[in-house]
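Engineer: could you look at this predicted model? Sequence included:
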Amino acid sequence: MLGFVRFLIRRIIGGIVVLFVVDSLTFFLFFSRPVAIVARQLAGRAATPAVISEVVSNLGLNQPLRIQYWHFIIHLLHFNLGTSYFSQESVNTLVKQDLPITASVVVGGVVLWLIVGLGVGILSATRARSVFDRLATVGVLAGLSMPVFVLGELLILIVFVLLAKHGITWIQPGYVGLSAGIGPWIGRMIMPWITLATVQAAIYTRLSRGSLLDTLGEDYIRTARAKGLSERRVIYRHGVRAALTPVVSQLGVDIGSLLGGVIVVEQVFGLGGLGQALIGAILNGDLPVIIGFVLLAAAFVVIANIIVDAAYALLDPRVRIS
Amino acid sequence: MTVNVTELQFQAQAAESAPALAIEGRSQWQLTWRRLRHDKMAVASIVVILLMALLAIFSPVVAALLHHPVDVAYPTSGLSAAGLPVSPSTHGFPLGTDNIGRDLLIRILYGARVSLFVGISTTVIATVAGVTIGLVAGYFGGWIDTLLARFIDGVLAFPVIVLAIALAARFGPSLLGIIAIIAFFSWAAISRIVRGQTLSLKEKEYIEAARSLGAGPWRIMFLDILPNLLGPVLVLSTLAIPGAIVFEATLSYLGVGIQEPNPSWGNILSEAQSTYQVAWWYVVFPALALLITTLAFNLLGDGIRDAMDPRTERIFAAGGKAAKKRRRAAAAAAAKPGPATPSATEGN
């Protein structure tokens, strides 16, 4: 238990360092963009140089770089992410607004991804070379070749248009909060979930199938069968548990690509979450919004990785947390 | 058990004087190619890829034949009275038109040029960089190795697409910029595998032998270690091409890649989003082009991997019953501590 606490503390400190580095890199990457571009966009097309310089000084962009960086760090330590250049809203408010949307996409997508990916992988491995296995292999290849946005657009084209023609309006694009009831929420989110989960599920089907097939060929599985355990117990207690550990360790790495998928999914379905806001901010050069959202994404990745590593140690007793 | 010496000598002489042309050694690559040739899926994907490449190369010819230059809009024949795209095979547009009345087929063919060029050029860059860095890191170890491992972990853990969008927006969208960004995010996966393989290969005896003959580190890395890695690198590179194509399409779709009026499958699909309810062809055809291309490269990569290593199980190659029978026979032969092989030598 003490070992676990020590592990947690070390990982949290490491995570904070990572977040600091990521945010500082983002700051300098975007700060090196000429400030006049942002100011000119804000001041309008017919702005005189005087107006532009006023905008620049209002935003504090005329101060030396190290002072701006200092302010940025101080704000950050107070959990103040600053104010958007364009909408004049605080980034904290923007995050609070958009977070439920993105969280809805992520949670449902992850659940679907793991259930389908691991489920199909396990079923394929235990029925190797069956019709199901072959169909799953075809599906995996199609899923791997399918860019997220293409799948999203095809789903929109086929499902929305066809269903709408037949008078079924339960599944719709756009976002509705959980407060509108669980039915409408699922109706709005089911397409984004499928889109987000498909590519990742394909990768995990392949991973878990291969891993379980390898494990089922091990000697101790034969021993387990020889001592008369039921096939169910052999596969799930002895096989799946050992086979899933490498898959779980891969999970931490794939959280990042999942977030990338979320951005695309929000764009395709016009959900208006953090990802869509981030793209807008990047294209406009809205530095405070970019840094705030990137920090949030990095924090999510770091926390998810700590959880994955802890789960890994629980699954595999040989891994000792220290 | 009375094998006399003269008998053995006789056999040895017979073996030596046997005509050399009876058995010709096949190289690893010849074997791979032979196996690949019999893999229907792999051959089909090669055909599809070549066809796509030919269409891409000769897209100006197709455009000239149809009299529809790539960036010319036909507001009268290419758009309906309501200003919407016309459907396939009307007014001489085989796949219909896009939202401002340009020939969709020609746009898609020109898009293939971008996709294939970006896919292949980034993969070449990423492979050369990945192999070199992986070899150096694996062979020398030390701080290069540590730095590389950290970089790979960092890139893999962070949403690559966010960084890529940021870089593309920061440095302005251009074809070269996109190639640089995609290559920058692709080499690490290759160099990780190369590094791992180098770590184990450098302990082999033949490397020791090369070193004792006075070979320098670069000679050992590129002439002794690299040839043994070409197989896995070829597979990785083939599988990296569809990844790069998808990457480019995604960046263009999000508006930070190839910009209008230059066509790319990504930006065509992005434009198509506004009219999907009335113009299905505008979404379906570019999506199909993208899917068929990435699927072909993925199938080819899998095929090459199977051909390199015949032990991997092949789901499509050998069909159902025959393969099952063969496997069962092989398993039975392996399980029986049978006298099958020893008996042949005891025959004397």
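Structural biologist: In hand now; what should we look at? All values reported here derive from a predicted model rather than from experimental measurement.

Engineer: show me where the stretch 1-150 of chain A has its helices.
Structural biologist: For the stretch 1-150 of chain A, the helices defined by DSSP state H, counting those that start in this stretch occupy A:2-31, A:35-43, A:49-58, A:65-77, A:91-126, A:131-145, A:148-155.

Engineer: quick one: contacts for residue 244?
Structural biologist: You didn't say which chain, so I picked chain A. Counting by C-beta atoms under 8 Å, 6 or more residues apart in numbering or on different chains, A:Leu244 touches A:Leu118, A:Ser208, A:Ser211, A:Leu315. C-betas here are computed from N, CA, C, even on glycine.

Engineer: that's the wrong chain, I meant chain B
Structural biologist: B:Val118, B:Gly119, B:Thr122, B:Thr123, B:Ala126, B:Ile182, B:Ser186.

Engineer: let's go with 6 Å and repeat that
Structural biologist: B:Gly119, B:Thr122, B:Thr123, B:Ile182 (C-beta atoms under 6 Å, 6 or more residues apart in numbering or on different chains).

Engineer: quick check on it: phi, psi?
Structural biologist: B:Ala244 adopts backbone torsions of phi -70, psi -40, taken as degrees, to the nearest 10.

Engineer: could you report the distance from it to chain A?
Structural biologist: Here the criterion is C-beta to the nearest C-beta, to the nearest Å. By it, B:Ala244 lies 12 Å from chain A.

Engineer: by contact count, what packs against the host helix or strand of B:Ser191?
Structural biologist: Secondary structure assignment for B:Ser191, by DSSP states H and E: helix B:175-201. Applying 3 or more C-beta pairs under 6 Å, 6 or more residues apart in numbering or on different chains; DSSP states H and E, we find helix B:175-201 packed against helix B:104-140, helix B:142-157, helix B:160-171, helix B:226-253.

Engineer: follow-up on the earlier one: of the contacts of B:Ala244, closest to chain A?
Structural biologist: For the contacts of B:Ala244, the closest approach to chain A (C-beta to the nearest C-beta) belongs to B:Gly119, at 12.6 Å.

Engineer: any idea which of the helices of the stretch 1-150 of chain A is most buried?
Structural biologist: With neighbours defined as mean count of other C-beta atoms under 10 Å in any protein chain shown, the helices of the stretch 1-150 of chain A peak in mean count at helix A:148-155, which reaches a mean of 24.

Engineer: hmm, back to that, quick check on the contacts of A:Leu244: which are buried?
Structural biologist: A:Leu118, A:Ser208, A:Ser211 (16 or more other C-beta atoms under 10 Å in any protein chain shown).

Engineer: keep those, but drop any that are not near chain B.
Structural biologist: When the buried ones among the contacts of A:Leu244 are checked against chain B using C-beta under 6 Å from any C-beta of the partner chain, none falls in range.

Engineer: out of those residues, who's nearest chain B?
Structural biologist: Of all these, A:Ser211 has the smallest distance to chain B: 14.2 Å, by C-beta to the nearest C-beta.

Engineer: other SSEs contacting the helix or strand containing that closest one?
Structural biologist: Under the criterion of DSSP H and E, A:Ser211 resides in helix A:182-216. If you count contacts as 3+ C-beta pairs under 6 Å, 6+ apart, helix A:182-216 packs onto helix A:91-126, helix A:131-145, helix A:148-155, helix A:241-269.

Engineer: list of residues touching the shortest one?
Structural biologist: Looking back up the chat, that one is helix A:148-155. With C-beta under 6 Å, 6+ apart, helix A:148-155 has contacts from A:Met191, A:Thr195, A:Thr198, A:Val199, A:Gly261, A:Val264, A:Val268, B:Tyr253, B:Val283, B:Ala287, B:Leu290.

Engineer: tell me how far that helix lies from the chain's centre.
Structural biologist: Centroid separation for helix A:148-155 versus its chain: 17 Å, with C-alpha atoms, centre = their mean, to the nearest Å.

Engineer: next helix or strand past that helix?
Structural biologist: Proceeding N to C from helix A:148-155, the next assigned helix or strand is helix A:161-165, under DSSP H and E.

Engineer: give me the number of neighbouring residues for the residue of chain B found nearest chain A.
Structural biologist: Nearest to chain A in chain B, going by C-beta to the nearest C-beta, is B:Ile161, at a distance of 3.5 Å. Neighbour count for B:Ile161, taken as other C-beta atoms under 10 Å in any protein chain shown: 24.
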